[in-house]
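>>> next come a sequence and a model predicted from it.
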Amino acid sequence: MVKCKECGKEFKTEKSLHAHIKQHKMRLAEYYQKNFPRKDLYSGDLIKFKSKEYYFSTDFNDRRNLKKWLESQDEQSQKDYCRKVLQERKDKKNLYYAPSQVELRSVMTPPVQYYLKVFGSYSEICGELGLKSKFNDLKSEIKDADVPSDCMIYIDTREQKPFKFDIPFEVKTLKFGDYALSDKEVSGNCYVERKSLNDFIGTMSGGYERFRKEIERAVEQDAYLVVLVERSIEEAMNFNKLPYVSSKVRATPEYIFNRVRSLNQDFKNVQFLFAKTKTEAVRLTKKIFFCNQAFRTQDLQLAYDMKKL
């Protein structure tokens, strides 16, 4: 049973409580901020209410405040906080894999490179907390491999405005994704699923179940999928504020990225990579195919953020 803090009435479910709160002429944000006040550790302002889960799981209103607060702490306090938020996330979400860069950047926690800075190793601290790492610690730039003369890029027939590459290509029907390499041994049987921001939102909302099945088919054939979004992760996380995103979109960034995090935890053969521009997306597509299969051992978004991809 859950009890209304305004009138004391009890309800069997939280959903019923939330419906009841309207009778007090209060929004959910007002109810929780009044009865369960939580303040930004740096600014002292009330935590913004985006959802109940977000409200109770974040300590800051934006990443700038998170960064400034960490900078104001001594080294041990920094380590204690980083360890605490990772442990809490593991326990609350029942995580099996160490959160990826995309996962950490999509919630109000320090990114992977901060863990590398304060601990020296992200995989080691995750291991201490019982999390299995998909990737090795990034220690150097991901190098380009030689491009065999007989290799070509396959472009799926459904691609209406395909990327233009400086190596031969062929248009054909692909089992997964939009781009693949003719030589699977060179590419590691990797497929690139290209997404505009609107495509990404649609796939993670109405097309989510279909996409999960696509990933499952890829698992059966030992194929790897890189979902390459042609927008920065900052823009993707704030798409509801962008004028070029359809006003018909009902899903929130929190809802979309919750599904991204679920896929990252449920499957070992998928990564999400957010590129700042179309030009960057073209470069990264080729890089992924000729990187000595680094995507199987390295977090691509982390490498991109650290300018090592």
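Structure's in. What do you need? Numbering: from 1, shown residues only.
>>> and stretch 101-120, how far out from the chain middle?
In terms of CA atoms, centre = their mean, to the nearest Å, the centre of stretch 101-120 is set 12 Å apart from its chain centre.
>>> need the contact partners of it.
Residues from elsewhere that reach stretch 101-120 (CB atoms under 8 Å, 6 or more residues apart in numbering): 57-60, 62-63, 66, 70, 75, 78-79, 82, 85-86, 89, 99-100, 122, 125, 137-138, 233, 237, 257, 260-261, 264-265, 271-272, 274, 299, 301-302, 305-306. Any C-beta I mention is one placed from the backbone N, CA and C, and that applies to glycine too.
>>> buried subset of the residues you listed as a PyMOL selection?
In PyMOL, this line selects whichever of these come out buried by 16 or more other CB atoms under 10 Å:
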select buried, resi 57+58+59+60+66+70+78+82+85+86+89+99+100+122+125+137+138+233+237+257+260+261+264+265+271+272+274+299+301+302+305+306
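>>> for this protein, give me the ranges with low pLDDT.
Applying pLDDT under 70 to the chain flags the ranges 246.
>>> can you tell me the SS state at the residue nearest in space to the middle of the chain?
The chain has V102 as the residue nearest its centroid, 3.2 Å off, counting by CA atoms, centre = their mean. Per DSSP: H, G, I helix; E, B strand; the rest coil, the local secondary structure of V102 is helix.
>>> distance of it from N35?
Going from V102 to N35 by CB to CB, to the nearest Å gives 33 Å.
>>> what's the domain layout of this protein?
2-55, 73-128, 153-305 (automatic domain parsing).
>>> just checking, I125 touches K84?
No: contact criterion CB atoms under 8 Å: I125 and K84 do not qualify, at 11.6 Å.
>>> picking up where we left off before, how far away is the residue nearest to the centre of the chain from V147?
Taking CB to CB, one finds V102 at 28 Å from V147.
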